[in-house]
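S.K.: give me the fold of what follows.
(2 chains)
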Amino acid sequence: MEARSIEARVLAGEALRDELVVDVHCHMGPWAAFVVHEGGPAGMVRTMDRCGIDWACIAPHAAIGPDFGGGNDEAARARDEIPGRFIAYCTLNGRYPAEANAAELDRCLAMGFRGIKLHPAVHQTPLDGPNLRPAFETASARELPVLVHTWHNDALASPAMFEALCHDFPGIRFILGHTGGSPEGADQYLALAPKCEHVYFDLCGSLMNLGMIERIVDAAGDERVLFGSDLPFIDCRPMLGYIGFSRVSDESKRRILGLNAARLFGLGDR
Amino acid sequence: MGRLLFFDANCTLGPRTAPRPETMLTDAEIAAELARHGITHALCSHAHAQELDPATGNRRLASLDTAGWPVVVRRCLVVMPHHTGELPRAGRLRDYLRENQAAAVRLCPRVHGFSMGATGSGELLATLEETRIPTLIEMDQTSWDELDDVARRHPGLRLVALRVGYRADRMMYPVLERRARIFIETSNYVGHRAIEHFVDTFGAGRLVFGTAAPVFAPGGAVAPVLYAEVDEAAKSAIAGGNLRRLIEDSSVGEA
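M.R.: Residues are numbered from 1 along each chain as shown, chains lettered A, B, ... in the order given. Sure thing, here's the model as predicted:
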């Protein structure tokens, strides 16, 4: 019997349990600007199970906001309390001294964290500022994934900054969170695809225009595009639908949904 | 589980002012794209009614030949107050809606530069209230305080808020607690477990599925309903039953 397509399975509302699905852009917990329903680890896993998402790569909202150390502890607790479902990013904050960021990264790596999360727009500090460079040295040496929020005309994490950082720190696997956040933002960041070998493009965002996944895959290749949803800042189910119904092959969908992230984060099948 | 029959409350046909190339589909291609996502019916406005002139766009919508399309198109006319003579008033507005087979209407007060206040829109809203026709308004054209005030002045008006965002609950919940005839279109209502919490709080009868196609990809709109952890009756109501009920309750088609 011929296997059913991913599109047909999403149309039927089926959890993709036999596919490896890794959501590379997740948070956790409450956020100031709006209510996050069931934003804790149990609520997230409930939604992940409904969809068939195996792993969520998390940077709790507290870490993005005013408490990066406490938020990183929260990530470690969630990972340990519900084994096999969460991969922890070490969130750093370029507003704080270089020594503090380097020490926090060392602490997180000792706890088994697998990547770094940066949010220059929230922290109001440039990605290429001096307070993050020692951490970038470590990340490059260890070939860590570094997820960075990007947006259209984002002067704090611009394409030019990524191009320079890719040159200075060639081991870093930069994940461009939201791929610029809009079609116009994607136009700006996709220009990096031929210039920076180790840059990856995260689909995460609430506003996915018709045809954008196809455009991102065309520009970057299906081995550099990643499933991200912002869970639980945003629900993960819309992005599952965007990918499931996109006009790319099932092989490409499998790479986007999980195989590329598995390579990036060193995961095997669960 | 039977297959859900999706009825899209928020589709726009016709050429737009500044479309991205990826979204520049013909009307027939839009219909095919909706059908690919399991959508059987669509409530459509014409882009020219929103971006140029309501009368012109409504006429173009009414003249579309949709026979043979894989989606049944129902018409959503764009309306505005009568004072400047661009659209008819009161009884003649009812005739206009009936003659053009309007299943719903859409208001664009900020784009079209009119007030939703009693002086500017009181007569229009009273007519729409009297006809019970679903009255759509996108959230970038209004505010929760304004919708609260409109619904207070016109408690029988069936208001459908389009593109309600994932950050809306703190503003929206108190308004919905007081105003029973405000309905929420789901295309951008993508907060974590937002549908489940909404159904727990207000029931499934006030969520109306929509896509905002062709600008936005319909996959992101259908999946939250397909994967919602609510019972099958609630899913069916959200996917299309609620919108069908709202349209059937309108008196516009009555002579």
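S.K.: contacts only, for B:Leu61.
M.R.: Contact analysis of B:Leu61 by CB atoms under 8 Å, 6 or more residues apart in numbering or on different chains lists B:Leu13, B:Gly14, B:Cys44, B:Ser45, B:His46, B:Ala49, B:Arg75, B:Leu77, B:Asn100. (C-beta placed from N, C-alpha, C; glycine too.)
S.K.: and which of those residues is nearest B:Phe6?
M.R.: Top of the list for closeness to B:Phe6, among the contacts of B:Leu61 and by CB to CB, is B:Cys44 at 14.0 Å.
S.K.: tell me if the closest one really is in a strand.
M.R.: Yes: assessed with DSSP: H, G, I helix; E, B strand; the rest coil, B:Cys44 lies in a strand.
S.K.: partners of it in the sheet?
M.R.: B:Cys11, B:Arg75 (DSSP bridges).
S.K.: tell me how many other residues surround it.
M.R.: Using other CB atoms under 10 Å in any protein chain shown, B:Cys44 has 28 other residues around it.
S.K.: check B:Tyr173 too.
M.R.: B:Tyr173 has 15 nearby residues by other CB under 10 Å.
S.K.: swap in A:Val22?
M.R.: Residues lying near A:Val22 (other CB under 10 Å) number 24.
S.K.: from what I can see it touches A:Gly266, true?
M.R.: No: between A:Val22 and A:Gly266 there is no contact under CB atoms under 8 Å: 11.4 Å.
S.K.: out of the contacts of B:Leu61, who's nearest chain A?
M.R.: Distance to chain A across the contacts of B:Leu61 (CB to the nearest CB) is lowest for B:Leu13, with 14.0 Å.
S.K.: which stretches of the stretch 151-255 of chain B have low pLDDT?
M.R.: B:255 (pLDDT under 70).
S.K.: how about B:Val160, secondary structure?
M.R.: strand.
S.K.: what residues are up against residue 49?
M.R.: The chain I'm using is chain A. A:Ala15.
S.K.: that's the wrong chain, I wanted chain B
M.R.: B:Ala49 touches B:Ala55, B:Thr56, B:Gly57, B:Asn58, B:Arg60, B:Leu61, B:Leu77, B:Val78, B:Arg106, counting by CB under 8 Å, 6+ apart.
S.K.: A:Ser252 too?
M.R.: A:Val217, A:Asp222, A:Val225.
S.K.: around chain A, pick out the residues from chain B.
M.R.: Neighbours of chain A within chain B, by CB under 8 Å from any CB of the partner chain: B:1, B:20-23, B:25, B:33, B:36-38, B:165-170, B:188, B:190-194, B:196-197, B:213-224, B:226-229.
S.K.: buried only: go through those residues for me.
M.R.: B:20, B:22-23, B:25, B:33, B:37-38, B:165-169, B:188, B:190-194, B:196-197, B:213-224, B:226-228 (16 or more other CB atoms under 10 Å in any protein chain shown).
S.K.: residue boundaries of the strands in the chain?
M.R.: All of this is about chain A. Per DSSP state E, chain A carries strands over the ranges A:22-26, A:55-58, A:86-91, A:115-118, A:145-149, A:173-177, A:199-202, A:225-226.
S.K.: I was after chain B.
M.R.: For chain B, the strands defined by DSSP E cover B:6-13, B:39-46, B:72-79, B:102-107, B:135-138, B:159-162, B:182-185, B:207-208.
S.K.: could those be laid out in CSV, adding distance to A:Gly241?
M.R.: Shown next, in CSV, are the strands of chain B (distance: least, CB to CB, whole Å):
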stretch, distance to A:Gly241
strand B:6-13, 12
strand B:39-46, 12
strand B:72-79, 22
strand B:102-107, 25
strand B:135-138, 21
strand B:159-162, 19
strand B:182-185, 16
strand B:207-208, 16
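S.K.: list the residues that contact the closest residue to B:His112 other than its chain neighbours.
M.R.: Sequence neighbours aside, B:Met80 is the residue nearest to B:His112 in space, at 5.2 Å (criterion: CB to CB, 6 or more residues apart in numbering or on different chains). B:Met80 is in contact with B:Pro54, B:Glu86, B:Leu87, B:Leu107, B:Cys108, B:Pro109, B:His112, B:Phe114, B:Leu124, counting by CB under 8 Å, 6+ apart.
S.K.: what about 7 Å?
M.R.: B:Met80 makes contact with B:Pro54, B:Glu86, B:Leu87, B:His112, B:Phe114, according to CB atoms under 7 Å, 6 or more residues apart in numbering or on different chains.
S.K.: quick one: contacts for whichever residue of the stretch 101-250 of chain B sits closest to chain A?
M.R.: Nearest residue of the stretch 101-250 of chain B to chain A: B:Ala223, at 2.6 Å (CB to the nearest CB). By CB under 7 Å, 6+ apart, the contact set of B:Ala223 is A:Val10, A:Arg237, A:Pro238, A:Leu240, A:Gly241, A:Gly244.
S.K.: now do it against B:Phe6, distance only.
M.R.: Distance, B:Ala223 to B:Phe6, using CB to CB, to the nearest Å: 11 Å.
S.K.: likewise B:Pro88?
M.R.: In terms of CB to CB, B:Pro88 sits 33 Å off from B:Phe6.
S.K.: neighbour count winner among those two?
M.R.: Higher neighbour count among B:Pro88 and B:Phe6: B:Phe6, with 27 against 16, using other CB under 10 Å.
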